[in-house]
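K.L.:
the amino acid sequence is not available; the structure is as follows:
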Ligand SMILES: [Zn+2]
């Protein structure tokens with residue numbers, strides 16, 4: 001999610017060897033398997049179940065009993081697969097230098113490939129049975145009725161599946177599908193010659209993306225930031241026609257698949273899996289474009305606060321004040337449950353259970369995987385990997401991952417296995433909501449004006465980066481895809497024109513524009529790897545803003561029912577289409593008001609920041 005997030009600037013605590021870190025700061029994997037012998041036994045059991053599933057081929061039309069048997073066995077495979085995979089994978093992430101563990105992890109991946117082959121018969125065989133017959137079985141057999149949504153959704157998806165000959169052709173063409181992204185990666189990473197910039201202190205810096213972000217986020221000399229920006233974008237300018245031609249292949253590929261499967265547009269095709277109406281994305285874009293005022297206010301405020309004559313895109317991530325308070329993990333352990341008090345005592349109790357459950361790997365050690373994640377291990381508490389380094393960013397990362405973990409806890413406790421997982425379209429709602437509540441908590445107890453400013457800037461930058469920027473990206477993707485759908489040419493100039501037009505539409509006169517900004521589209525990895533994906537960050541953000549508004553505002557009774565609706569969403573896992581689940585939680589993404597909730601939130605935050613800055617510098 002940190003596509004355009006400011007780079008981490010504060011020095012990390014000293015690196016310790018894993019055995020020097022106290023056990024209570026390390027996860028304990030024995031609740032998954034006692035040890036490697038038990039894991040090996042689990043692995044063999046999984047292998048056996050996969051073979052048993054393959055043997056069921058040709059039995060589905062025997063009747064509801066056969067179908068139920070196959071579905072139950074598939075669940076057993078899925079549950080065991082979670083444990084077999086995560087035991088090896090989490091162990092590996094503790095120290096990725098361990099080749100022996102890496103080999104075991106790969107062994108599981110090989111077994112998963114075998115599973116995919118052994119189970120591939122199931123969907124086509126089920127779909128051969130008329131839906132009406134299956135629906136009769138569903139009403140006759142209560143145990144089978146649990147699977148109703150999953151089964152009916154499979155039939156719904158079937159609408160765009162071709163006959164055998166068509167599917168075979170498409171599967172042959174799929175070999176080329178990843179080529180534009182592979183070529184983009186080679187061009188932008190493997191073969192790239194990073195430019196070198198000489199900073200005002202005479203130091204020469206090689207501008208990898210990380211170094212470039214670090215300069216924008218920490219270097220207080222505007223001329224240095226400007227020079228880095230120019231040099232960094234030269235790389236894309238020099239190859240802009242190649243980037244355009246790669247991106248054109250992405251667009252043509254998407255349009256080819258959409259037409260081949262009978263969708264009316266690339267957007268339709270992208271949204272069909274989750275049953276999202278295209279109006280959701282169109283509404284998101286239109287309402288966000290209409291709500292850019294607080295974004296511009298924020299940038300004008302930054303310009304004033306930083307005392308800049310001119311304000312460019314490379315000035316947007318430098319902190320407004322210097323403040324490097326440390327946040328020890330032990331303190332945060334108390335704060336996190338306190339911050340979710342609005343969600344009720346039971347939620348707090350469950351969170352304390354996760355925090356004290358020996359399932360969090362807190363500190364960095366040599367060889368440990370970087371970043372942070374929450375891993376849902378079915379049948380166990382969710383495991384969390386952190387690289388906690390006492391910075392404010394680390395605190396919010398923990399709050400974010402804790403939102404995912406609580407979603408997992410509630411979903412696993414209330415759903416049958418088949419719906420225990422949830423889609424990305426709802427996944428980032430609890431994580432952003434958790435961050436939002438934590439921010440409110442921190443703001444309420446901040447006594448230092450500088451800390452308040454840092455917190456507010458953190459929240460605002462989150463909205464700018466995960467909401468406004470992602471919607472702008474979605475807008476860009478939609479415009480580019482539409483040109484191809486209309487049979488219009490795609491050149492570097494055309495793409496740069498779209499991107500530059502959007503930059504201006506969002507920022508108006510709050511930014512001074514640089515010609516190099518035109519080619520920014522060329523360096524965004526998501527455009528090449530996962531088209532029509534990033535908008536989901538924005539819809540999750542809007543949903544969580546709307547829920548926070550309902551949970552925090554109004555009279556006690558309406559607050560209580562808002563909390564109830566929200567917890568129902570978390571408990572619902574993947575038991576329905578995301579739009580339906582969100583609607584039950586009181587969020588309607590097809591209405592501009594929902595998007596408005598983020599715009600209002602930003603507006604309020606900018607006002608608070610304005611006040612805090614004026615107290616600091618009257
Ligand atoms: Zn997340």
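P.N.:
Nice, thanks for sending it over. Small disclaimer: the values here were computed from a predicted structure and weren't measured.

K.L.:
so how far is the helix or strand where residue 133 lies off the chain centroid?
P.N.:
In this structure, residue 133 is located in helix 131-140 according to DSSP states H and E. Counting by Cα atoms, centre = their mean, to the nearest Å, helix 131-140 is centred 37 Å from the centre of its parent chain.

K.L.:
one more: stretch 162-170?
P.N.:
32 Å.

K.L.:
which residues touch residue 61?
P.N.:
Taking Cβ atoms under 8 Å, 6 or more residues apart in numbering, we find residue 61 in contact with 125, 128, 129. Where C-beta positions appear, they are placed from N, C-alpha and C, glycine not excepted.

K.L.:
er, residue 532 actually
P.N.:
266, 267, 270, 271, 281, 474, 477, 478, 481.

K.L.:
top of those by neighbour count?
P.N.:
Among the contacts of residue 532, residue 477 has the most neighbours (other Cβ atoms under 10 Å), with 28 neighbours.

K.L.:
where does the stretch 501-618 of the chain have low pLDDT?
P.N.:
Counting by pLDDT under 70, the stretch 501-618 of the chain shows no low-confidence range.

K.L.:
can you give me the helices for it?
P.N.:
With helices called from DSSP state H, counting those that start in this stretch, the stretch 501-618 of the chain shows them at 525-529, 535-552, 556-571, 578-584, 592-616.

K.L.:
what's the closest of the ones you listed to residue 486?
P.N.:
Judged by Cβ to Cβ, the one of these that comes nearest to residue 486 is helix 525-529, at 19.2 Å.

K.L.:
circling back to that earlier point, what is the mean pLDDT for the helix holding residue 133?
P.N.:
Per-residue pLDDT values across helix 131-140 average out to 96.

K.L.:
cool, stretch 203-210 as well?
P.N.:
Averaging pLDDT along stretch 203-210 yields 92.

K.L.:
buried residues in it, which are they?
P.N.:
205, 207 (16 or more other Cβ atoms under 10 Å).

K.L.:
returning to what we had before: of the contacts of residue 532, which is the nearest to residue 231?
P.N.:
Closest approach to residue 231 among the contacts of residue 532 (Cβ to Cβ): residue 477, at 27.4 Å.

K.L.:
need the contact list for that closest one.
P.N.:
Residue 477 neighbours (Cβ under 8 Å, 6+ apart): 527, 531, 532.

K.L.:
SS state for it?
P.N.:
helix (DSSP: H, G, I helix; E, B strand; the rest coil).

K.L.:
phi and psi next, for residue 575.
P.N.:
phi -80, psi 0 (degrees, to the nearest 10).

K.L.:
for residue 326, same thing?
P.N.:
The phi and psi values for residue 326, taken as degrees, to the nearest 10, are phi -100, psi 140.

K.L.:
the one 10 residues further on now?
P.N.:
For residue 336, the backbone dihedrals (degrees, to the nearest 10) come out as phi -60, psi -50.

K.L.:
residues near it, how many?
P.N.:
Count around residue 336 with other Cβ under 10 Å applied: 22.

K.L.:
how near is it to residue 401?
P.N.:
Per Cβ to Cβ, to the nearest Å, residue 336 is found 11 Å from residue 401.

K.L.:
list residues touching both of these two?
P.N.:
Here residue 336 and residue 401 share no contacting residue, scored by Cβ under 8 Å, 6+ apart.

K.L.:
narrow the contacts of residue 61 to those that are buried.
P.N.:
For the contacts of residue 61, a neighbour count by 16+ other Cβ under 10 Å gives the buried set as residue 125.

K.L.:
keep only those of the contacts of residue 61 that are in strands.
P.N.:
Nothing among the contacts of residue 61 maps onto strands, per DSSP state E.

K.L.:
just the ones of the contacts of residue 61 in helices?
P.N.:
125, 128 (DSSP state H).

K.L.:
closest one to residue 193 out of the contacts of residue 61, please.
P.N.:
residue 125 (52.9 Å).

K.L.:
from residue 57, how far out is that closest one?
P.N.:
Distance of residue 125 to residue 57, given as Cβ to Cβ: 7 Å.

K.L.:
lowest-confidence helix or strand of this protein?
P.N.:
None of the helices or strands of the chain scores lower by mean pLDDT, DSSP states H and E than helix 164-173, at a mean of 85.

K.L.:
which SSE is immediately downstream of it?
P.N.:
Reading on from helix 164-173 to the C-terminus, the next helix or strand found by DSSP H and E is helix 179-185.

K.L.:
and that next one, what's buried?
P.N.:
Buried positions in helix 179-185, judged by neighbour count with 16+ other Cβ under 10 Å: 180, 181, 183, 184.

K.L.:
for this structure, which helix is longest?
P.N.:
helix 64-94.

K.L.:
give me the angle between the helix or strand just after it and helix 64-94.
P.N.:
Next along the chain after helix 64-94, taking DSSP H and E as the criterion, comes helix 99-119. Relative orientation of helix 99-119 versus helix 64-94 (axes from the mean of the first three to the mean of the last three Cα atoms, to 10 degrees): 160 degrees.

K.L.:
just checking, what packs against helix 99-119?
P.N.:
helix 36-54, helix 64-94 (3 or more Cβ pairs under 8 Å, 6 or more residues apart in numbering; DSSP states H and E).

K.L.:
so what touches it?
P.N.:
The contact list for helix 99-119 (Cβ under 8 Å, 6+ apart) reads 36, 39, 43, 46-47, 50-51, 53-54, 74, 77, 81, 84-85, 88-89, 91-92, 95-96.

K.L.:
dump the residue contacts of residue 274.
P.N.:
Contacts of residue 274 by Cβ under 8 Å, 6+ apart are 423, 425, 577, 578, 579.

K.L.:
so the third one touches residue 272, yeah?
P.N.:
Read that as residue 577. No: using Cβ atoms under 8 Å as the test, residue 577 is too far from residue 272 to be in contact (10.9 Å).

K.L.:
quickly find the element holding residue 200.
P.N.:
Here residue 200 sits in a region with no helix or strand, counting by DSSP H and E.

K.L.:
helix, strand, or coil at the closest residue to residue 491 other than its chain neighbours?
P.N.:
Take residue 491 and drop its neighbours on the chain: the residue closest to it by Cβ to Cβ, 6 or more residues apart in numbering is residue 244, 5.9 Å away. The three-state label given to residue 244 by three-state DSSP is helix.

K.L.:
verify the stated contact: residue 244 with residue 492.
P.N.:
Yes: if you go by Cβ under 8 Å, residue 244 and residue 492 touch, sitting 3.8 Å apart.

K.L.:
more neighbours, those two?
P.N.:
Comparing residue 244 with residue 492 by neighbour count (other Cβ under 10 Å), the higher total belongs to residue 492, at 22 against 19.

K.L.:
pretty sure that one is touching residue 239, no?
P.N.:
No: between residue 492 and residue 239 there is no contact under Cβ under 8 Å: 9.6 Å.

K.L.:
with that, I have no additional questions.
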